[in-house]
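Visitor: just coords:
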């Protein structure tokens, strides 16, 4: 049987502090060699509602490419 779904992410979870299902915010907690650890928090009261680990290699942060050293300048003496 072929795999139908790649990954799931929560859009709402039950919040015990609010007493109802609330939209959640997902934030990155840790970048590990085996993957990334994310936390789900209630968007209303900011209570932590769960964690999720995304497996796979860690992605290097995007940024400008490393700078190359400038070639040495030649001085002309007259």
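Guide: Received the coordinates, thanks. Bear in mind that the values here come from a model prediction, so they are computed numbers and not experimental data.
Visitor: for the residue nearest the centre of the chain, helix, strand, or coil?
Guide: Central residue of the chain (Cα atoms, centre = their mean): residue 28, 4.4 Å from the mean position. Following DSSP: H, G, I helix; E, B strand; the rest coil, residue 28 is assigned to strand.
Visitor: Can you give me the pLDDT of it?
Guide: Looking at residue 28, its pLDDT reads 92.
Visitor: Then residue 31?
Guide: 89.
Visitor: Each with direction, which strands does whichever strand or helix holds it pair with?
Guide: According to DSSP states H and E, residue 31 maps onto strand 20-32. If you go by DSSP bridges, strand 20-32 pairs up with strand 12-15 (antiparallel), strand 35-42 (antiparallel).
Visitor: Neighbours of the closest residue to residue 12 other than its chain neighbours, how many?
Guide: Nearest residue to residue 12 in three dimensions, chain neighbours excluded: residue 21, at 4.9 Å (Cβ to Cβ, 6 or more residues apart in numbering). Backbone N, C-alpha and C define where each C-beta goes, glycine included. The tally of other residues near residue 21 (other Cβ atoms under 10 Å) stands at 12.
Visitor: Please apply the same query to residue 36.
Guide: The number of residues near residue 36, taken as other Cβ under 10 Å, comes to 16.
Visitor: and it, what does it touch?
Guide: 28, 30, 53, 54, 58 (Cβ atoms under 8 Å, 6 or more residues apart in numbering).
Visitor: From residue 12, how far out is it?
Guide: Distance of residue 36 to residue 12, computed by Cβ to Cβ, to the nearest Å: 22 Å.
Visitor: what's the answer for residue 39, then?
Guide: 16 Å.
Visitor: Thank you, goodbye.
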